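Trainee: what shape does this take:
(4 chains)
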There are 2 protein chains.
Amino acid sequence: MTSQGSTRQPKYQRIADALRAAIRSGEYGPGDRLPGENDLMATYDVARMTARQALGVLQNEGLAEARKGAGVFVRAFRPLRRHGIQRLAQEQWGSGRSIWSTDSEDRELIVDQVEVHEERASDEIVVALDVPDGSPVWVRSRRFVLDGKPVLFATSYLPSDVVADSAITQSDTGPGGTYARLAELGHKPVHFREEVRCRMPSTDEAERLALSMGTPIIQIVRTAFAEDGRAVEVNEMTLDSASYVLEYDFDA
Amino acid sequence: MTSQGSTRQPKYQRIADALRAAIRSGEYGPGDRLPGENDLMATYDVARMTARQALGVLQNEGLAEARKGAGVFVRAFRPLRRHGIQRLAQEQWGSGRSIWSTDSEDRELIVDQVEVHEERASDEIVVALDVPDGSPVWVRSRRFVLDGKPVLFATSYLPSDVVADSAITQSDTGPGGTYARLAELGHKPVHFREEVRCRMPSTDEAERLALSMGTPIIQIVRTAFAEDGRAVEVNEMTLDSASYVLEYDFDA
DNA sequence: TAGTGGTCTAGACCACATA
DNA sequence: ATGTGGTCTAGACCACTAC
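Mentor: Okay, here's the model as predicted:
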């Protein structure tokens, strides 16, 4: 009688299911503390590792979050809204609203870990920018911290022959930022492509974004194209998926 | 001397790091078998649970996949490319290519689990479609299976007063599909909004998509708007993040 | 049949958070 | 100071896979 009680489900799954149901039913709301390991051991008469495994399931699902020495708590989802296409002619496609509420724009944004340097393009960047093998590129990276929580970090790659001697090689790119400078250099970006994927973070990424267990990251690779069709910038962004909803608006 | 060897890292993390490095260095390629629990116990002189935990880290990162009774194997990433905006005037923004390779279009697609019925709109759908509380909506859901692997399932919601008596209430919507029928009904979709988020799957979702551990899902909620600005369809799609890269192309 | 991963027990020590 | 989660050990039985 080591494992199965009556059905074919592992104990830790049954416990996790019960907790999950309690969360969904509202018995435990966002921020509430869940029963701890000791509680579960007593309630379900299981070993510590089994109780741990049950709580681990919820954490891996992103439903709960452990705080060392304090307990396991129900997580909330209050995303930022990132407008991929901030058209001018946005008009009022007003009827029908978002599924996810967003209480944005009264929060404090800090830009962090700014780093600018020149290096040889990696294989991936060679392909993405369509430059010769081993070409020099300028690399600009930075991190965004919102109300103390890191939410995104990004790295831009720009061909050196395009941006050399411009403010793009400086920490401060000046008014209008990188794209304004590119325009002045005769390489105004007129078209964009964003590639979006989603995966679990590496250890480094989880650290830089202070992610809790069970939080995937969203990776956006945006390529900017100039009038002549040349790729003039590749921007690789890594987002905390618990902090973001991406929005893309477009016409048929 | 229970835990720390010399640094401040847990044993299982050190083991996981070593394996991860070996994977990234190419020592183990996609599909290769990693050292098993017994191997790790011998190599690193640790208990079974510790070796397990190390392998668990890699699985939760989506880097490895366990097959019962066989071993733990390195996972591959061969995504489909989903073009969010399939503009006509796509032209040749040719220079600069994708970071991720895609070998698409010689594979077999099956549409599965088709279900069409009418029901009362949930709170979320009431908001998204901007219909009165408790309004009836038609619900169309289906699953896509590519080469035997489920990659996506989707559920559409359409206001009953718009689609009543049309082919949209049937399993087969006819040539051109739902949007063609909407156009005939005088509600041609002319504008779209896609909301993209990413999270770990629920048990149900993991099952329907046959996801292995450490695989997040991508959720896309697309709202279609008619000329008069009315929301005429909400389509909620759930994608296997290991099978997809989303692409959005747009002009400045 | 031998080996693999999946589950589970019953202990233990630690660092950390909160009161 | 107490309780929490984090790590770890040394055993065990099971179902499954591959040979």
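Trainee: before we move on, what SS does residue A:125 have?
Mentor: helix (DSSP: H, G, I helix; E, B strand; the rest coil).
Trainee: what's the neighbour count on the residue in the stretch 51-200 of chain A that DNA strand D sits nearest to?
Mentor: Residue nearest to DNA strand D within the stretch 51-200 of chain A: residue A:69 (3.2 Å; C-beta to the nearest atom of the strand). The C-beta positions use only the backbone N, C-alpha and C, and glycine is treated the same way. Number of residues near residue A:69 (other C-beta atoms under 10 Å in any protein chain shown) recorded here: 5.
Trainee: for the residue of the stretch 151-252 of chain A found nearest chain B, give the beta-bridge partners.
Mentor: Per C-beta to the nearest C-beta, residue A:231 is where the stretch 151-252 of chain A lies closest to chain B, at 2.9 Å. For residue A:231, the beta-bridge partners are residue A:225 (DSSP bridges).
Trainee: and the one residue in the stretch 151-252 of chain A that gets nearest to DNA strand D, what pLDDT?
Mentor: Going by C-beta to the nearest atom of the strand, DNA strand D is nearest to residue A:213 of the stretch 151-252 of chain A, at 7.5 Å. At residue A:213, the pLDDT value in this model is 84.
Trainee: that one contacts residue A:61, doesn't it?
Mentor: No - at 9.6 Å, residue A:213 does not count as touching residue A:61 under the criterion of C-beta atoms under 8 Å.
Trainee: more crowded one of these two?
Mentor: residue A:61 (21 against 17).
Trainee: before we move on, the earlier item: where does the residue of the stretch 151-252 of chain A closest to DNA strand D fall, phi/psi-wise?
Mentor: Main-chain torsions, residue A:213, degrees, to the nearest 10: phi -50, psi 150.
Trainee: residues in contact with the closest residue in space to it that isn't next to it in sequence?
Mentor: For residue A:213, ignoring the flanking residues on the chain, the nearest one in space by C-beta to C-beta, 6 or more residues apart in numbering or on different chains is residue A:59 at 4.3 Å. Counting by C-beta atoms under 8 Å, 6 or more residues apart in numbering or on different chains, residue A:59 touches A:65-66, A:72, A:212-214.
Trainee: got it, and residue A:125?
Mentor: Residue A:125 makes contact with A:131, A:137, A:157, A:234, according to C-beta under 8 Å, 6+ apart.
Trainee: pick the one among these closest to residue B:147.
Mentor: residue A:234 (31.0 Å; C-beta to C-beta).
Trainee: how far does the helix or strand where that closest one lies sit from its chain's centre?
Mentor: Taking DSSP states H and E as the definition, residue A:234 sits inside strand A:231-240. Distance of strand A:231-240 from the chain centroid (C-alpha atoms, centre = their mean, to the nearest Å) equals 12 Å.
Trainee: which strands or helices does that strand pack on?
Mentor: With contacts taken as 3 or more C-beta pairs under 8 Å, 6 or more residues apart in numbering or on different chains; DSSP states H and E, strand A:231-240 sits against helix A:123-129, strand A:149-159, helix A:177-184, strand A:217-226.
Trainee: could you identify which of these is most buried?
Mentor: The highest mean neighbour count among those, using mean count of other C-beta atoms under 10 Å in any protein chain shown, belongs to strand A:217-226: a mean of 23.
Trainee: ok, and what's touching that strand?
Mentor: The contact list for strand A:217-226 (C-beta under 8 Å, 6+ apart) reads A:128, A:179, A:182, A:187-201, A:205, A:209, A:211, A:231-241, A:244, A:246, B:93, B:95-96, B:99, B:196, B:198.
Trainee: how far away is residue A:152 from residue A:82?
Mentor: 9 Å (C-beta to C-beta, to the nearest Å).
Trainee: what about the residue lying closest to residue A:62 once chain neighbours are set aside, which SS state?
Mentor: Closest residue to residue A:62 apart from its sequence neighbours, by C-beta to C-beta, 6+ apart: residue A:214 at 4.0 Å. Classification of residue A:214 by three-state DSSP places it in coil.
Trainee: from what I can see residue A:214 touches residue A:60, true?
Mentor: Yes - assessed by C-beta under 8 Å, residue A:214 is found in contact with residue A:60 at 4.4 Å.
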